[in-house]
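Visitor: Next come a sequence and a model predicted from it.
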Amino acid sequence: MLTGKQKRFLRSKAHHLDPIFQVGKGGVNENMISQINDVLEKRELIKVSVLQNCDDNCDEVAEQLSNGAHAEVVQLIGHTIVLYKESKEHKQLVLPS
């Protein structure tokens, strides 16, 4: 579980990132979760965009992605979700304590 200080730090790091994945009409599926897991292992912090034609709302999509990828939702603003998962091999971010 991330503290408020850690979430603020991660939000500042994610500000300049572009969304890597888009969730569309098909919603969240196993293949997408697998790909997000792989990218999180390499980058630790990503943005996901939820398109307007998605059947699920953004809160449901964020919950499905975080549960499926075992990641933390750092921020949910508009149709953009910021996810964080600590990497086992490629540590890039050092969180404040």
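Guide: Thanks, I have it. Numbers count the residues shown, from 1 in each chain.
Visitor: Report how many residues lie close to the nearest residue to E30 once chain neighbours are set aside.
Guide: The shortest distance from E30 to any non-neighbouring residue, by CB to CB, 6 or more residues apart in numbering, is to G68 (7.8 Å). C-betas here are computed from N, CA, C, even on glycine. For G68, the neighbour count with other CB atoms under 10 Å is 16.
Visitor: Contact partners for G68?
Guide: V28, E30, I33, I36, N37 (CB atoms under 8 Å, 6 or more residues apart in numbering).
Visitor: what residues are up against D56?
Guide: V23, G27, V28, Q64.
Visitor: and the second one, how many residues sit next to it?
Guide: Which is G27. Considering only other CB under 10 Å, G27 is surrounded by 14 other residues.
Visitor: where's it relative to P19, distance?
Guide: Remark: distance between G27 and P19 (CB to CB, to the nearest Å) = 16 Å.
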